[in-house]
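Visitor: my questions are about this predicted structure, shown below with the sequence.
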Amino acid sequence: MKELKKLNVLFAKYKWQLIGGIIVTIISRVLSLFLPKYVGKIINLLNDYDKGNITDKEVLQDDLTLYILIIIGTTLLAAILTFVMRQLIIVVSRHLEYDLKNIVYQQYQRLSLGFYKQNRTGDLMNRISEDVSKVRMYMGPAIMYSINILTLFAVVIPAMIDTAPSLAIYTIIPLPILSVAIYVISREINKRSTLVQEYLSDLNTISQESFSGISVIKAYNLTPQMTKQFTKVANDSKDKNIDLARIQALFFPLMVLLIGLSNIMVIYIGGKQVIDGIIDVGTIPEFLIYVNMLTWPVAVLGWVTNMIQQAEASQKRINEFLDIDPAIKNLNELETPIQGTITFKNVNFVYDDTNIHALKDISFEIEAGKTLAILGKTGSGKSTILELISRLYDIGNGSLKIDGKEINSLNLNNLRSAIGYVPQDAFLFSDTIGKNIAFGKKDATQEEVIAAAKNAVVHKNISDFTKGYETILGERGITLSGGQKQRVSIARAIIKEPQILLFDDCLSAVDTETEENILNNLKKVTHNSTTIIVSHRVSSAKNADHIIVLEDGEIIERGNHESLINDKGYYAELFANQMLEEEEEND
């Protein structure tokens, strides 16, 4: 159970509820001893009356009434305390589940972008849902039944020994055999539970990817292939679950067999001892009740062991991610206001997962409030520059400064709060259009949302929808066209009024006229913001204060629009080609 030790911190938070549950459990189990004791006394009382040792019926009836009332009273009180015990321990397990899910989710938020490139969404979802649910069963039912079992054994077995020592020894002989069997079976359950969870992650991943890419699957008529792939993984998962079920199925037959042997020993050996005058006849039903009191705990012992082993396997999977140290850390808890001056000096960067040398000795500076445009072919390193400014990755070597300070010395929350980022692949949430725009500013008013939409030239499109800004978007904004998604993303960025605005080829899906309108509006609303525009179009870059052109991670040209046209290099050639394309489209 070494993996489950990490939960001790959470248990400490609710220690008084758990201690209360333990105390209540002990009291309820002690009260449960009154039933067999007084059933035995009733049998002995009736036996004495039958033999003529008791002749007064009124005395017999009074004793019987008293014993029955004691049985009813203690049983009722034990039932009430059992209810209280469940309320204490099971409710705590739900709080612990809530806390653990938050811990896992917060760790997901802290982990760097590289982590998500190496791990599948389905697996991440499975660990925060299925695996945490398995651990919850350990934190609640398993602990509750374990306390119950230990307490019951602690009070029942001494009571049995006190009543009839030799009979008690014969009765509990099967228990050590059961313990060894449980140990052996539990180890196998742990191995198979781990495999089951891994296959469930694969199943979730395929399902999630199929739903997210349903349009591509249908367009390419890949439904049969995807169904075949899903069926194979589902069958493999089924086989692993069946393997687990087979080993789990050994528990209850084993319990029934061993409990049955205990009952036979009580009747046979107890009967002989009654004949020999060693014990009273009432001891036999008393012991049968004791054995049956132990039947449920012994049976549950297998279930509890099973839950603990599954929880151990699941917690191990959870710990794999909890133990990961985030690559990007906030190294400064003090407030560091951002103005927006950005300086790259001899910056190099290599992606760890692909070993691609994305940037090579990059140097440039952009003053606060100015606009920089970055052009270049696909894979030239344009988006990498924006990712480094957002500190989604740390630079390999060189120097990246914001307002004259090394970027990793800034408060990470302050840095990212000061940035408005529009990615190349616009991502929208499954919520209303209005809330997607307001996502960039917590306290945004409806007027601000509309103003941002107008500046992003998407207000008219939104107004044409039946529900306007209250239109619910499908997953990842599937309701909108590519150009509409990009413009809603631009609105989300500019409503924030950030110190730094990063546009990553976010106008690629709009026509040139709309692009021109958006760029003109951006001039008005971003005049105080440092703006970096990554694009393939010269039309997006020509009005920038400074332009750099990248090729294979290196700067091959820099200047403004006029100077680069006069240089007659890559920029001038690109400008000429795009002007020619526009003329041909107009013709």
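Guide: Received, thanks.
Visitor: could you use CA atoms for every contact and neighbour count after this?
Guide: Fine.
Visitor: hmm, residue 284 is touching residue 273, no?
Guide: No - at 9.7 Å, residue 284 does not count as touching residue 273 under the criterion of Cα atoms under 8 Å.
Visitor: so these two - more neighbours on which side?
Guide: residue 284 (25 against 19; other Cα atoms under 10 Å).
Visitor: in a helix, that one, correct?
Guide: Yes - Residue 284: assigned to a helix according to DSSP: H, G, I helix; E, B strand; the rest coil.
Visitor: ok, now which ones touch it?
Guide: 40, 266-267, 270-271 (Cα atoms under 8 Å, 6 or more residues apart in numbering).
Visitor: can you tell me which of these end up in helices?
Guide: Mapping the contacts of residue 284 onto helices (DSSP state H) picks out 40, 266-267, 270-271.
Visitor: got CSV for those, with pLDDT too?
Guide: CSV is the format used below for the ones in helices among the contacts of residue 284 (pLDDT from 0 to 100):
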residue, pLDDT
40, 85
266, 82
267, 85
270, 86
271, 88
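Visitor: possible to save those as a markdown table with neighbour count and distance to residue 403?
Guide: Listed next are those as a markdown table, based on neighbours: other Cα atoms under 10 Å; distance: Cα to Cα, whole Å:
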| residue | neighbour count | distance to residue 403 |
| --- | --- | --- |
| 40 | 21 | 87 |
| 266 | 23 | 85 |
| 267 | 17 | 88 |
| 270 | 26 | 89 |
| 271 | 18 | 92 |
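Visitor: ok, so of the residues you listed, who is nearest residue 111?
Guide: residue 266 (60.6 Å; Cα to Cα).
Visitor: measure that closest one to residue 86 for me?
Guide: 32 Å (Cα to Cα, to the nearest Å).
Visitor: next one: residue 185
Guide: Applying Cα to Cα, the value for residue 185 to residue 86 is 28 Å.
Visitor: by contact count, what packs against the helix or strand in which residue 88 is found?
Guide: Assigned by DSSP states H and E, residue 88 falls within helix 57-110. In terms of contacts (3 or more Cα pairs under 8 Å, 6 or more residues apart in numbering; DSSP states H and E), helix 57-110 is packed against helix 8-13, helix 15-32, helix 34-51, helix 132-137, helix 143-163, helix 283-322.
Visitor: residue 232: which of those is closest?
Guide: Closest among the helices and strands packed on helix 57-110, using Cα to Cα: helix 283-322, at 23.5 Å.
Visitor: tell me the angle the helix holding residue 88 makes with helix 15-32.
Guide: Helix 57-110 and helix 15-32 meet at an angle of 160 degrees, taking axes from the mean of the first three to the mean of the last three Cα atoms, to 10 degrees as the criterion.
Visitor: what's the neighbour count on residue 10?
Guide: Using other Cα under 10 Å, the number of residues around residue 10 comes to 15.
Visitor: now it, nearest residue through space, not along the chain?
Guide: residue 96 (6.6 Å; Cα to Cα, 6 or more residues apart in numbering).
Visitor: what do you get for residue 100?
Guide: The spatially closest residue to residue 100, leaving aside those adjacent along the chain, is residue 132, at 7.2 Å (Cα to Cα, 6+ apart).
Visitor: tell me the contacts of residue 472?
Guide: When contacts are counted by Cα under 8 Å, 6+ apart, residue 472 touches 430-433.
Visitor: mind running it again at 10 Å?
Guide: Contact partners of residue 472, counting by Cα atoms under 10 Å, 6 or more residues apart in numbering, are 429-436, 479.
Visitor: follow-up on the earlier one: which of the contacts of residue 284 lies closest to residue 58?
Guide: residue 40 (19.9 Å).
Visitor: how near is the closest one to residue 47?
Guide: Noted for residue 40: a distance of 10 Å to residue 47, by Cα to Cα.
Visitor: give me the common contacts of these two.
Guide: Joint contacts of residue 40 and residue 47 (Cα under 10 Å, 6+ apart) are 280-282.
Visitor: in TSV: these, plus neighbour count and distance to residue 524.
Guide: Output for those, formatted as TSV (neighbours: other Cα under 10 Å; distance: Cα to Cα, whole Å):
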residue	neighbour count	distance to residue 524
280	20	100
281	19	99
282	21	96
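Visitor: what is the distance between the helix holding residue 88 and the centre of its chain?
Guide: Its chain's C-alpha centre and that of helix 57-110 lie 30 Å apart, by Cα atoms, centre = their mean, to the nearest Å.
Visitor: now the helix or strand that comes right after it: buried residues?
Guide: Going down the chain from helix 57-110, the next helix or strand is helix 113-118, by DSSP H and E. For helix 113-118, a neighbour-count test (16 or more other Cα atoms under 10 Å) marks 113-114 as buried.
Visitor: tell me what helix 113-118 is packed against?
Guide: Taking 3 or more Cα pairs under 10 Å, 6 or more residues apart in numbering; DSSP states H and E as contact, there are no helices or strands that helix 113-118 lies on.
Visitor: so where do the helices sit in the stretch 301-450 of the chain?
Guide: For the stretch 301-450 of the chain, the helices defined by DSSP state H, counting those that start in this stretch cover 382-389, 412-417, 433-438, 446-455.
Visitor: to residue 180, which of the ones you listed lies closest?
Guide: Among the helices of the stretch 301-450 of the chain, helix 412-417 sits nearest to residue 180 (Cα to Cα), with 54.1 Å.
Visitor: show residues contacting that closest one.
Guide: Under Cα under 10 Å, 6+ apart, the answer for helix 412-417 is 328-340, 389-392, 402, 407-408, 411, 418, 440, 496, 498-500.
Visitor: which of the residues you listed fall within strands?
Guide: Of the contacts of helix 412-417, the ones assigned to strands by DSSP state E are 402, 500.
Visitor: narrow the contacts of helix 412-417 to those that are buried.
Guide: Going by neighbour count (16+ other Cα under 10 Å), these have 328, 338-340, 389-392, 402, 407-408, 411, 418, 440, 496, 498-500 buried.
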